[in-house]
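> Take a look and give me a structure for this.
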Amino acid sequence: MNLLEVGMVQMSCTKDMQENIEKALTRIRQCAELGAQLIVLPELHNSVYFCQHENASLCDLAEPVPGPSTETFGALAKKLGVVIVLSLFERRAPGIYHNTAVVMEKDGSIAGKYRKMHIPDDPGYYEKFYFTPGDIGFKPIETSVGKLGVLVCWDQWYPEAARIMALNGAQLLIYPTAIGGVATDSPFEQSLQCDAWRLVQRGHAVANGLPVITVNRTGHEDDPSGNTPGLDFWGYSFAAGPQGEILSQFDEDDDDCKVVGVDMDRTEYVRRGWPFFRDRRIDAYGDILKRYGK
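Numbering: from 1, shown residues only. Modelled structure (predicted):
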């Protein structure tokens, strides 16, 4: 058994960016003390989830990559000897910003990055106003702990993203996430949405024979515009094995960290029994490139 110890940091965030950064750094240290080799933070962990409304001045929150955050978290990665998955608001050029996951290697260097490909535009999630769609593609990031298939939040609804990462050699699918419900939806509807969110990612694990790590934020954040009651982030971060089995899971309100052992050799065993990749009909999938139908 080849166990990879993975730290998951589920946290709430405030308007105080330095406070958020210090909390993330503290949780990373706690994960390392528990034996984590790889540590994953939630989506856009340095700030509140600012996409609840459209305000161009909030683009001032963006930073270059490399930049202040990669320097700060990279220094800690080197000190602790761990790999860290960050989620940053990247300033690429004037007027061009990305929602970017950055992987810091245990020597403090940048192992690679992934720019979020699928950008939502829904009430409370006005990301198209801020983020340019990613242009790097679905390429696993090579690290000392394995090939990481890093995707971001809304990407988690797309089987194509998970499959291409898997076909390109990812050994682990990782989703930094900021997702929750709004009080205008009924409790029943919110429950259905949350269950669907967990179910679809477990489905990616099953369909690709890969472990999945999903790290969400938690807590309530007000809508600055006052147009909605704000967002209640679901929490429920989890790790699943390559048959969709839950290895570890947070509760909704947990503001904490967990470390879980993920058997990186199990993919080989599972794919032999469920040889989905062997039986793919790649000669018949041309229609997947169409928007819809004929």
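
> quick one, helices of this protein?
Assigned by DSSP state H, the helices in the chain fall at 17-33, 68-80, 159-167, 187-208, 266-273.

> now the last one: how far from the chain's centre is it?
Mean-position distance between helix 266-273 and its chain equals 24 Å (CA atoms, centre = their mean, to the nearest Å).

> re earlier: JSON lines for the helices of the chain, including mean neighbour count?
All C-beta spots, glycine's among them, are computed from the backbone N, C-alpha and C. As requested, these are exported to JSON lines (neighbours: other CB atoms under 10 Å):
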{"stretch": "helix 17-33", "mean neighbour count": "17"}
{"stretch": "helix 68-80", "mean neighbour count": "18"}
{"stretch": "helix 159-167", "mean neighbour count": "20"}
{"stretch": "helix 187-208", "mean neighbour count": "16"}
{"stretch": "helix 266-273", "mean neighbour count": "14"}
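
> Quick one, which of these gets closest to Leu61.
Closest to Leu61 of those is helix 17-33 (CB to CB; 7.7 Å).

> Turn the helices of the chain into CSV, columns for distance to Pro133 and mean pLDDT.
Formatted as CSV, these follow (distance: least, CB to CB, whole Å; pLDDT from 0 to 100):
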stretch, distance to Pro133, mean pLDDT
helix 17-33, 25, 98
helix 68-80, 22, 98
helix 159-167, 12, 98
helix 187-208, 20, 96
helix 266-273, 29, 97
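
> Which one of the ones you listed lies nearest to Lys106?
In terms of CB to CB, the element of those nearest to Lys106 is helix 68-80, at 5.7 Å.

> count of residues packed around Lys290?
Lys290 has 8 neighbours, counted by other CB atoms under 10 Å.

> From Val152, how far out is it?
In this view, Lys290 and Val152 are 25 Å apart by CB to CB, to the nearest Å.

> do the same with Pro242
Taking CB to CB, one finds Pro242 at 21 Å from Val152.

> repeat for Leu4
For Leu4, the distance to Val152 (CB to CB) stands at 21 Å.

> More neighbours: which of these two?
Comparing Leu4 with Val152 by other CB under 10 Å, the one with more neighbours is Val152, at 27 against 20.

> list the contacts for the residue nearest to that one when sequence neighbours are not counted?
Leaving aside its sequence neighbours, Val152 sits nearest to Lys116 (CB to CB, 6 or more residues apart in numbering; 4.1 Å). By CB atoms under 8 Å, 6 or more residues apart in numbering, the residues touching Lys116 are 98-101, 131, 133-134, 151-155.

> swap in Val6?
Shown in contact with Val6 (CB under 8 Å, 6+ apart): 36-40, 213, 239, 259-262.

> Not counting sequence-adjacent ones, nearest residue to it?
Distances taken as CB to CB, 6+ apart place Leu38 nearest to Val6, at 5.0 Å, with adjacent residues excluded.

> Just give me the neighbour total for the one you found.
26.

> Distance of it relative to Cys257?
Leu38 is 13 Å from Cys257, where distance means CB to CB.

> intersection of neighbour lists for those two?
Both Leu38 and Cys257 are contacted by Gly7, under the criterion CB under 8 Å, 6+ apart.

> beta partners of Gly146?
Beta-bridge partners of Gly146, counted by DSSP bridges, are Thr143.

> can you count the residues close to it?
Residues lying near Gly146 (other CB under 10 Å) number 20.

> just checking, Gly235 touches Lys258?
No. If you go by CB atoms under 8 Å, Gly235 and Lys258 don't touch, sitting 11.8 Å apart.

> more crowded one of those two?
Of the pair Gly235 and Lys258, Gly235 is the one with more neighbours under other CB under 10 Å, namely 25 against 22.

> Okay, that one and Lys23: tell me how far apart.
Counting by CB to CB - Gly235 and Lys23 are separated by 15 Å.

> Give me the nearest residue to Arg271, chain neighbours excluded.
Spatial nearest neighbour of Arg271, excluding adjacent residues (CB to CB, 6+ apart): Gly209 at 4.3 Å.

> again but with Lys106, I slipped
Once flanking residues are discounted, Lys106 sits nearest to Gly81: 4.8 Å by CB to CB, 6+ apart.

> Output the longest strand belonging to the protein.
Taking DSSP state E as the criterion, the chain has its longest strand at strand 83-93.

> any shared contact partners between Gly235 and Lys258?
Counting by CB under 8 Å, 6+ apart, the contacts common to Gly235 and Lys258 are 10, 250.

> Would you format the helices of the chain as TSV with distance to Ile110 included?
As requested, these are exported to TSV (distance: least, CB to CB, whole Å):
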stretch	distance to Ile110
helix 17-33	16
helix 68-80	6
helix 159-167	19
helix 187-208	26
helix 266-273	26
